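Engineer: fold the following for me, if possible:
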Amino acid sequence: MLFPVTGNSGSMATEIPNKKFRKCQCETHHTKSILCQILNKEHGSETKWHQQHHSPHCSTGIKDCSCLDRRRVVLKTPEAMCRRASGVLLKTSIFIRNLPSFYHMPLDDQLVLIQQNWAPLFVLDMAQEGMDFNLREISVPSLLKKVLLNQSLTANNELGSSSPGASLAKVQKMKNLLWKCWDLDISAKEYAYLKGIILFNSGCCVLKCLPYVQTLQQEAQQALMQFVSTMFHGNLGRFASILQLIASLRDIDADAIEELFFRPLLGEAVLNVLLLETLHIKPDRL
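Structural biologist: Residues are numbered from 1 along each chain as shown. Presented below is the predicted three-dimensional model:
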């Protein structure tokens, strides 16, 4: 078999809680002057996140607007979730290490594929492990507010760190993708084939062994189609739904993952370098 298949956790044992975010700031009425709003203390307080007790996969009700990118979030329980994320990342590296076909490629091709595709692989492993996470929004004072309130421009934020958190818009894309995977109830074999399609993605890459990588991706896609056809009585609608996840996976922001799950542990260390060392791939050897 081309791709190793690990045990599947099966259906989700617990309901994954959804988050109801506050009303988009773009929809508020600006009855006060800009200066009053900047100096108003109520806008500097941390926003509380409320859970919904309905379907875990329903919409958050937030309109897609530019203010989502300006809103920053951090993990509500960073110590526990960062440890769990580290375990998921280890699972990602084990999957790659167990692929002999991957190590048959030149080292620089291995490096390119990992740097391009580790983030979507990580999210797939999060989905397979049923890893949900709770967030809290942090206030990030504007430069003008800091000047007006005579605050230090280098002062640490309320978390005791210089980290500004991750973009709400990018984190919400990640959560939406997790919910899609759980809705489909993807099996262990389907996850393995999907990871193969993602890892051997040669798009926007300059690879020495491009035909080899393209062949491996085609094999993974054919294996997935055959498995789905066999297990679901020729229903290729499921196959199409799983393939639709690939576009969303490619849109996952690696920096947001690093900021949210690994910055509290790594500090200024580069996650890419640590992952490559785990896989025994040394960039300085290239």
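Engineer: where does pLDDT dip in the stretch 51-200 of the chain?
Structural biologist: In the predicted model, the stretch 51-200 of the chain carries pLDDT under 70 at residues 51-69, 140-163.
Engineer: try 90 this time
Structural biologist: Applying pLDDT under 90 to the stretch 51-200 of the chain flags the ranges 51-71, 103, 107-108, 111, 115, 139-165.
Engineer: show me where it has its helices.
Structural biologist: 67-70, 78-97, 100-103, 107-129, 143-148, 168-184, 188-199 (DSSP state H, counting those that start in this stretch).
Engineer: and these: which comes nearest Asp253?
Structural biologist: Nearest to Asp253 among those is helix 168-184 (4.4 Å), distances taken as C-beta to C-beta. In this view, the C-beta of every residue, glycine as well, is placed from N, C-alpha and C.
Engineer: and stretch 249-261, what's buried?
Structural biologist: Leu249, Ile252, Asp253, Ala254, Ala256, Ile257, Glu258, Glu259, Leu260, Phe261 (16 or more other C-beta atoms under 10 Å).
Engineer: how about a markdown table for those residues, with distance to Phe122, secondary structure and pLDDT added?
Structural biologist: Shown next, in a markdown table, are those (distance: C-beta to C-beta, whole Å; DSSP: H, G, I helix; E, B strand; the rest coil; pLDDT from 0 to 100):
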| residue | distance to Phe122 | secondary structure | pLDDT |
| --- | --- | --- | --- |
| Leu249 | 10 | helix | 93 |
| Ile252 | 8 | coil | 94 |
| Asp253 | 12 | coil | 93 |
| Ala254 | 9 | helix | 92 |
| Ala256 | 11 | helix | 94 |
| Ile257 | 6 | helix | 94 |
| Glu258 | 10 | helix | 91 |
| Glu259 | 13 | helix | 92 |
| Leu260 | 11 | helix | 93 |
| Phe261 | 9 | helix | 93 |
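Engineer: which of the helices of the stretch 51-200 of the chain sits most buried?
Structural biologist: When you average the neighbours per residue for each of the helices of the stretch 51-200 of the chain (mean count of other C-beta atoms under 10 Å), helix 188-199 leads with a mean of 23.
Engineer: by contact count, what packs against that helix?
Structural biologist: helix 78-97, helix 107-129, helix 210-231, helix 236-250 (3 or more C-beta pairs under 8 Å, 6 or more residues apart in numbering; DSSP states H and E).
Engineer: if we can go back for a sec, how about the buried residues of stretch 249-261, which pair is most distant?
Structural biologist: Using C-beta to C-beta, the buried residues of stretch 249-261 span at most 18.5 Å, a distance reached by Leu249 and Glu259.
Engineer: how far away is the residue lying closest to Leu177 once chain neighbours are set aside from Leu194?
Structural biologist: Leaving out its chain neighbours, the residue that sits closest to Leu177 by C-beta to C-beta, 6 or more residues apart in numbering is Ser248, at 4.9 Å. Per C-beta to C-beta, to the nearest Å, Ser248 is found 12 Å from Leu194.
Engineer: do Phe239 as well
Structural biologist: Look at Phe239 and Leu194: by C-beta to C-beta, they are 11 Å apart.
Engineer: sorry, back to before: reformat the helices and strands packed on helix 188-199 as TSV; add distance to Ala188.
Structural biologist: Below are these laid out as TSV (distance: least, C-beta to C-beta, whole Å):
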stretch	distance to Ala188
helix 78-97	11
helix 107-129	7
helix 210-231	11
helix 236-250	13
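Engineer: Ala223 contacts Tyr193, doesn't it?
Structural biologist: Yes: at 5.1 Å, Ala223 and Tyr193 qualify as touching, with contact defined as C-beta atoms under 8 Å.
Engineer: which residues sit in contact with Gln217?
Structural biologist: Gly196, Ile197, Phe200, Asn201, Ser202 (C-beta atoms under 8 Å, 6 or more residues apart in numbering).
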